[in-house]
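In: just the structure for this:
(chains A and B)
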Amino acid sequence: MITVRHLSKYFDGRPAVKDISVEYMPGQCSLVIGASGSGKTVLLKSIVGLLEPEEGEVLFDTTVFNRLPAAEKKKIHCRMGMLFQGSALFDFATARENVRFPLDFFSQMSREEKADRVEFCLRRVGLENIGDKYPSELSGGMQKRVGIARAIALNPQYLFCDEPNSGLDPQTSVMIDRLIQEITAEYNITTVINTHDMNSVMEIGDKVVFIYKGEKCWEGSRDNILTSDNRNLEEFIFASRMARELKLRYGNGSPSQD
Amino acid sequence: MIKNFLYETGRYLLFLRRVFSRPEKWRLSVRQFFVETEKLVINSIPLIALISVFIGAVLVIQTSNNMTSPFLPKMYIGYMTRESLILEFCSTMVCLILAGKIGSNISSELGTMRITEQIDAMEMMGINSANFLVLPKILATTILNPLLTLMSFIVGLLGGYLIIVLTGMIKVSDYLTGIQFAFNGYYITYSLIKTAVFSFIISSISAFYGYCATGGSLGVGRSATKAIVVASALILTFNLILTRIML
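Out: Residues are numbered from 1 along each chain as shown, chains lettered A, B, ... in the order given. Next comes the predicted model:
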């Protein structure tokens, strides 16, 4: 479980995120939604330790992560996996080497065990035949899947995804969403996903947190997001013409899944 | 301006502290050292050889044109070419050229890794990215670039020899006598030490600006330019300091 308490992060004296408190549970996909520039990525980077929050604390289970010394932080980092917005695959390495990278550093596996683990992870994301290709030779969707394979290589307890669907077509987006959801359930991972894709929210949003201008504005689940009376959230959800037309057709309830 | 200078210097020193920490896995760092050696040192050989052969030839022509007095023995052309090459060209000039070549390579590579979040991805895994990415570059250039200086010296002398053979401006025997005349081995040591210091400056400064790049592709370009300018200025400054101390 991850607990965020009263977290604030400032840039040049201006708050990027302000007084955010939230809990993320294991086995659930928790989605953080909000417009571009609302502070989602700053919140995520503050949670994982890539940014130092000025106020508040981040607890991984019972450990206050953001006040740990670097050596202790490293132990928790080894239990995290992260999928970055642009995949962040290492250009100098093939897909297989990218997945093996964390294993080379932090596992005690033999060479054969590592090779097996890499093949397993690539197979798990449906990319068993592209191990020798470099990131530049892969499509955006493939890069994201290799990113997921690398993120799960060390069997993480916590998975963080920053805009996993950005730049992808709707079908590939759904495939990535389902893959993350399956992996989360399969390994009981605490998964936190930043997105502004409402389709992801309706597909996998066990818990949804809406950030507006750096502050937590709403928290709930995909089941009650469409019926929320929060004005900022409503404006965000129904910003597109398609969403407005669906709302007119189905009212405030979500369309049937049948 | 002074505040900014102190701030940048402080950041650079903190960066170096992260670079010179204990590697997570020695085996991987050693492998990376050989990768960087090929990329930064071995791949520079053709450029340095090409420049050195031409500079050696030009030095012979210029020295010859300025030594028209019949009272000056022609062998001094070889002697002065050797001294110019070893004292200044093979260390300072070669390193200024390398500041452009490997400095831009290092800063743009690390800058691109920074803005595409590859460095963040390493940090997320708990890896000291500064140590893993930068230390092998600094060690490869600082330890092995002095060999490029030696190579440049030999190739430069060869360039002088070739121009004499091709033009016949002086006797080959005069040139060969000149390049062996009053040889001071300490100058080689002086040149190698200068190259090692300059190589450290090039690799660490370029890595610092690349590693701290911000602002997308324009930021990467800015960091590469800044790295080359600062590294070149520091090379010239330390050239003066080292020359004053060592000679």
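In: now residue A:247: how far from chain B?
Out: According to Cβ to the nearest Cβ, to the nearest Å, residue A:247 and chain B sit 36 Å apart. Glycine gets a C-beta too; all of them are placed from N, C-alpha and C.
In: could you report the pLDDT at the nearest residue to that residue once chain neighbours are set aside?
Out: Leaving aside its sequence neighbours, residue A:247 sits nearest to residue A:238 (Cβ to Cβ, 6 or more residues apart in numbering or on different chains; 5.7 Å). The score at residue A:238 is 80. That number is its pLDDT.
In: can you get me a residue count around residue A:238?
Out: 17 (other Cβ atoms under 10 Å in any protein chain shown).
In: that one against residue A:232, yeah?
Out: No. With contact defined as Cβ atoms under 8 Å, residue A:238 does not reach residue A:232; the gap is 11.4 Å.
In: output the below-cut-off pLDDT ranges for the stretch 151-258 of chain A.
Out: Applying pLDDT under 70 to the stretch 151-258 of chain A picks out residues A:250-258.
In: can you pull the buried residues of stretch B:146-163?
Out: Neighbour-count burial for stretch B:146-163, counted by 16 or more other Cβ atoms under 10 Å in any protein chain shown, picks out B:146, B:148-149, B:151-153, B:155-157, B:159-161, B:163.
In: helices - which of the residues you listed land there?
Out: B:146, B:148-149, B:151-153, B:155-157, B:159-161, B:163 (DSSP state H).
In: pLDDT for these - can I get that in JSON lines?
Out: Shown next, in JSON lines, are these (pLDDT from 0 to 100):
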{"residue": "B:146", "pLDDT": "97"}
{"residue": "B:148", "pLDDT": "96"}
{"residue": "B:149", "pLDDT": "96"}
{"residue": "B:151", "pLDDT": "97"}
{"residue": "B:152", "pLDDT": "97"}
{"residue": "B:153", "pLDDT": "97"}
{"residue": "B:155", "pLDDT": "97"}
{"residue": "B:156", "pLDDT": "97"}
{"residue": "B:157", "pLDDT": "97"}
{"residue": "B:159", "pLDDT": "97"}
{"residue": "B:160", "pLDDT": "97"}
{"residue": "B:161", "pLDDT": "97"}
{"residue": "B:163", "pLDDT": "97"}
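In: coming back round to it: how close does the residue nearest to residue A:247 get to residue A:225?
Out: 11 Å (Cβ to Cβ, to the nearest Å).
In: joint contacts of those two?
Out: Residues touching both residue A:238 and residue A:225 (Cβ atoms under 8 Å, 6 or more residues apart in numbering or on different chains): there are none.
In: which residue does the stretch 1-150 of chain A have closest to chain B?
Out: For the stretch 1-150 of chain A and chain B, the shortest gap (Cβ to the nearest Cβ) falls at residue A:77, measuring 3.4 Å.
In: sec struct for the closest residue to that residue other than its chain neighbours, please.
Out: Distances taken as Cβ to Cβ, 6+ apart put residue B:126 closest to residue A:77, at 3.4 Å, once the chain neighbours are dropped. Following DSSP: H, G, I helix; E, B strand; the rest coil, the label given to residue B:126 is coil.
In: what's near enough to touch residue B:126?
Out: For residue B:126, the contact set (Cβ under 8 Å, 6+ apart) comprises A:73-75, A:77-78, A:105-106.
In: and residue B:97, by the same measure?
Out: Applying Cβ under 8 Å, 6+ apart, the residues contacting residue B:97 are B:47-48, B:51.
In: which stretches of chain B form strands?
Out: In chain order, chain B shows no strands, with DSSP state E as the criterion.
In: where do the helices sit along it?
Out: B:2-19, B:26-36, B:45-66, B:75-84, B:94-115, B:118-124, B:129-167, B:172-180, B:186-211, B:216-246.
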